[in-house]
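Undergrad: Using only what follows, build the 3D model:
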Amino acid sequence: MRPDKTPSFIRTQHAFTQYIRDPKNAPRPTDIEERRMNIYRDLLFTNISSVISDAFPVLKQILSEKHWDALCRDFFARHPSHSPYFTEISQEFLQYLQTERLENPDAKDDFPFMLELAHYEWAELYVAIAEDDDSEQTAITDPLEQILSIAHTALSLAYTYPVHTISPDVLPTEAPEQATYLVVHRSTDNRADFLETTPMTHALLTALADNTELTTQALLAKLAQDFQHPNPDIVIEGGLSIVNDFIHRGIVVPV
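TA: Below is the predicted model:
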């Protein structure tokens, strides 16, 4: 066995953080008083769980206090967060639900829609704090002939469950036959808001999100072709109406 060449101060840091994260399965560093370790551990967990609670209020509300506390502690112990910023803890928590949570036997008691609900709540926070687009300063004078895209403060999303309706009184046990399509965006008064959309509108916004070179007319014509619509003019006319509405809402902006 090769000797461990890791500097002693790094080994001490690892032992310290492992105990802070998971005191039940990691030994306490012997050179640090247990009382001080516990104070620091509780303080750090309280801060992080408070951030998570603020970011996912509906998820916290529909879970029992015991379930919520166990979920936060599992995240605290399992997830190797890569960002030092408190504003990005919600994204780290979402990544935990997508990966490490599945390794926990208690995950069997989670709601089947939990990941989608968490993603929806994360999306609301994301658009609320996203930076504004510089392109919003450019005027849109001819939407059909201009190259347009989606604002940084908007996301077009598709879910299996109607996540925007979930509450303590609405807890679906099975996914409905129809998917839910939403646009989460920042409203004119700087609040996160949402709109229900259709599969066609979702496809349009998805195409616009990746758009860098097609005019709106060319993009709508391509969309009509992809959907094999017998009358492309109807798609272009209807799509233009949607685009104009979304321009007014600040969802669609110039490239």
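
Undergrad: Please work out the average pLDDT along stretch 231-241.
TA: In this model, stretch 231-241 carries a mean pLDDT of 94.

Undergrad: Stretch 191-210 too?
TA: On average, the pLDDT along stretch 191-210 is 95.

Undergrad: If you count neighbours, what's buried in it?
TA: Using 16 or more other CB atoms under 10 Å as the test for burial, stretch 191-210 gives 192-195, 197, 200-205, 207-208. Any C-beta I mention is one placed from the backbone N, CA and C, and that applies to glycine too.

Undergrad: Do you have the helices of the stretch 51-200 of the chain handy? List them.
TA: Along the stretch 51-200 of the chain, the stretches classed as helices by DSSP state H, counting those that start in this stretch are 57-62, 65-78, 89-98, 114-129, 199-209.

Undergrad: For residue 25, which of the ones you listed is the nearest?
TA: helix 65-78 (7.9 Å; CB to CB).

Undergrad: Could you pull out the buried residues of the closest one?
TA: In helix 65-78, counting by 16+ other CB under 10 Å, buried: 68, 71, 72, 73, 74, 75, 76, 77.

Undergrad: Please report how far the nearest residue to the fifth one once chain neighbours are set aside lies from residue 168.
TA: Nearest in space to residue 74, with sequence neighbours left out and distances taken as CB to CB, 6 or more residues apart in numbering, is residue 104 at 5.5 Å. As judged by CB to CB, to the nearest Å, residue 104 and residue 168 stand 24 Å apart.

Undergrad: Which of the two has more residues huddled nearby?
TA: residue 104 (16 against 9; other CB atoms under 10 Å).

Undergrad: how far away is the more buried one from residue 68?
TA: Using CB to CB, residue 104 is found at 14 Å from residue 68.

Undergrad: isn't the residue nearest to residue 74 right next to residue 75, touching?
TA: No: with contact defined as CB atoms under 8 Å, residue 104 does not reach residue 75; the gap is 9.9 Å.

Undergrad: follow-up on the earlier one: tabulate the buried residues of stretch 191-210 in CSV, adding columns for distance to residue 94.
TA: Shown next, in CSV, are the buried residues of stretch 191-210 (distance: CB to CB, whole Å):
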residue, distance to residue 94
192, 16
193, 20
194, 18
195, 22
197, 22
200, 28
201, 25
202, 21
203, 25
204, 26
205, 21
207, 25
208, 24
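
Undergrad: so which of those residues comes closest to residue 156?
TA: Distance to residue 156, by CB to CB, is smallest for residue 205 among the buried residues of stretch 191-210, at 3.7 Å.

Undergrad: got the contact list for residue 72?
TA: 45, 48, 49, 52, 53 (CB atoms under 8 Å, 6 or more residues apart in numbering).
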